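Novice: Sharing a model prediction with you, sequence too.
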Amino acid sequence: MGSLRSILKHPDDFYPLLKLKMAARNAEKQIPPEPHWAFCYTMLHKVSRSFALVIQQLDTNLRNAVCIFYLVLRALDTVEDDTSIATDVKVPILIAFHRHIYDRDWHFSCGTKEYKVLMDQIRHVSTAFLELGKNYQEAIEDITKRMGAGMAKFICKEVETIEDYDEYCHYVAGLVGLGLSKLFHASGSEDLASDSLSNSMGLFLQKTNIIRDYLEDINEIPKSRMFWPRQIWSKYVNKLEDLKYEENSVKAVQCLNDMVTNALIHAEDCLIYMAALKDLAIFRFCAIPQIMAIGTLALCYNNIEVFRGVVKMRRGLTAKVIDRTKTMADVYGAFFDFACVLESKVDKNDPNATKTLSRLVAIQKTCRESGLLSKRKSYIVKDESGYGSTMIVILVILVSIIFAYLSANHHNN
């Protein structure tokens, strides 16, 4: 019922949602027959449906490498995330993980649901990894080694300063950006991007996730997971968990806005990185998550619901982003439009208002100076205006079909 209400409110969502559904079914049909590859792609669909869809358009060799890269890092992340594992057990596994991926017999039971299945049957991922080209294997091993060491470091270290925060995000996401740049280069499709720009691509996504997932992380059992830097939150409350209490709502929103402002530092680097990409499939693979990130930041900014429950872009808008992101003009347009949404939400009395506005102006300036804004497709302006006549016709037809189906069933009974 909720999804139908959403479509009635945003009728332009219907066609992109339908296309997304069809693409998801098509992707599931393309799962390779070999047992180890079938496991890897099936698992990819379970741990990240949207990622599994975006990855499908890549060239086969690169797609396989990115799939395994993602699953290896997901497995590593599952070890890091499991707060029930004792530190003296967890740290050696994180440090040695890059060696375990070469061992078909190794496994370590941890995590829950599909992540537990991934860890219990990680031999399939190792088998697939060993079939990749040597250049892909070396890139994946290198990033896994560096990430495991970084995660191990932060098991025993709090995120105190903004410098710590950037370092932690580098280990868990910036390195993903570096690894993907290496894989793109190894495929022969792209020049090797600079470490600095690749790092920013990862940090922008990671900081968005950390902001959005505040409540889930702070309520983690048996132990809270705290990634917001003390240097930021201590300006507003005495303890990070205090942000979730209603009596601290004003301070919580100010702290949230401070965190979003920090994340916006990386937006311009992301635009530079994406503008340099040559391969359309790689471009879309990179661009869609970045647009989702700035859209999520626009949704989270000044929004107390971040401390009350899950805040994320509605499915229809996600489907639109996946459907309509085809060129750099679309990226500039999306970043510009979401920056405008953010700008409209800035309260001049917010302690960071001046800093936030200056970052948004810088993003808008970069988008304008591209000269491509006139060619953009809008995700959010046309979105919220009323019902398009075509969509009303489609909805009327759909309702008629549903009634006809129900009527036929009634007569049969």
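Specialist: Thanks, I have it. Numbering: from 1, shown residues only.
Novice: what mean pLDDT does the helix or strand hosting residue 257 have?
Specialist: Residue 257 belongs to helix 249-263 when assigned by DSSP states H and E. Averaged across helix 249-263, the pLDDT comes to 98.
Novice: Stretch 367-386 now?
Specialist: Here stretch 367-386 scores 68 as its mean pLDDT.
Novice: go on, stretch 337-344?
Specialist: Stretch 337-344 carries an average pLDDT of 96.
Novice: what do you get for stretch 104-119?
Specialist: Summarised as a single mean, pLDDT over stretch 104-119 is 94.
Novice: Need the residues that contact that stretch.
Specialist: For stretch 104-119, contacts defined as Cβ atoms under 8 Å, 6 or more residues apart in numbering pick out 43, 46-47, 71, 74-75, 78-79, 81-82, 84-85, 93, 100, 120-123, 125-127, 130. Every C-beta, even on glycine, is put in place using the N, C-alpha and C of the backbone.
Novice: Pull out the buried residues from that stretch.
Specialist: Within stretch 104-119, the residues that count as buried by 16 or more other Cβ atoms under 10 Å are 107-108, 110-111, 115, 117-119.
Novice: Any idea how far apart the tips of it sit?
Specialist: Using Cα to Cα, to the nearest Å, the end-to-end distance of stretch 104-119 comes out at 12 Å.
Novice: Tell me how far that stretch lies from the chain's centre.
Specialist: Relative to the centre of its chain, stretch 104-119 is centred 22 Å away, using Cα atoms, centre = their mean, to the nearest Å.
Novice: Kindly report the same for stretch 51-69.
Specialist: The answer for stretch 51-69 is 16 Å, by Cα atoms, centre = their mean.
Novice: going forward can the numbers begin at 216, since that is how I track them
Specialist: In the new count, where the first residue is 216, that last one comes out as stretch 266-284.
Novice: re the thing from before, and the helix holding residue 472, what does it pack onto?
Specialist: Counting contacts by 3 or more Cβ pairs under 8 Å, 6 or more residues apart in numbering; DSSP states H and E, helix 464-478 packs against helix 410-427, helix 445-448, helix 495-515, helix 568-584.
Novice: Past the first one, which element shows up next along the chain?
Specialist: When you say that, I think you mean helix 410-427. Moving toward the C-terminus from helix 410-427, the first helix or strand encountered (DSSP H and E) is helix 429-433.
Novice: Mind listing residues that contact that following helix?
Specialist: Residues from elsewhere that reach helix 429-433 (Cβ under 8 Å, 6+ apart): 425, 439-443, 455-456, 458-459, 471, 521-525.
Novice: Between those, which sits nearest residue 409?
Specialist: The shortest gap between residue 409 and any of the contacts of helix 429-433 belongs to residue 425, at 23.9 Å (Cβ to Cβ).
Novice: Residue 359 contacts residue 312, correct?
Specialist: Yes. Here residue 359 reaches residue 312: they are 5.8 Å apart, a contact under Cβ atoms under 8 Å.
Novice: shared neighbours, those two?
Specialist: Common neighbours of residue 359 and residue 312 are listed as 287, 291 (criterion: Cβ under 8 Å, 6+ apart).
Novice: re earlier: between the contacts of helix 429-433, which is nearest residue 492?
Specialist: Out of the contacts of helix 429-433, the member with the shortest distance to residue 492 (by Cβ to Cβ) is residue 425, at 25.7 Å.
Novice: What distance do you get for that closest one to residue 319?
Specialist: 34 Å (Cβ to Cβ, to the nearest Å).
Novice: So which bits of stretch 531-548 are buried?
Specialist: For stretch 531-548, by 16+ other Cβ under 10 Å, it's 531-540, 542-548.
Novice: got it, and stretch 256-269?
Specialist: Taking 16+ other Cβ under 10 Å as the criterion, stretch 256-269 shows 256-260, 262, 265-269 as buried.
Novice: Among those residues, which lie within helices?
Specialist: 256-260, 262, 265-269 (DSSP state H).
Novice: could I get those as a markdown table with pLDDT?
Specialist: Below are those laid out as a markdown table (pLDDT from 0 to 100):
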| residue | pLDDT |
| --- | --- |
| 256 | 92 |
| 257 | 91 |
| 258 | 93 |
| 259 | 91 |
| 260 | 86 |
| 262 | 86 |
| 265 | 72 |
| 266 | 77 |
| 267 | 76 |
| 268 | 76 |
| 269 | 81 |
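Novice: Rebuild those as a markdown table, extending it with distance to residue 378.
Specialist: Formatted as a markdown table, these follow (distance: Cβ to Cβ, whole Å):
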| residue | distance to residue 378 |
| --- | --- |
| 256 | 39 |
| 257 | 40 |
| 258 | 35 |
| 259 | 34 |
| 260 | 38 |
| 262 | 31 |
| 265 | 32 |
| 266 | 30 |
| 267 | 35 |
| 268 | 36 |
| 269 | 32 |
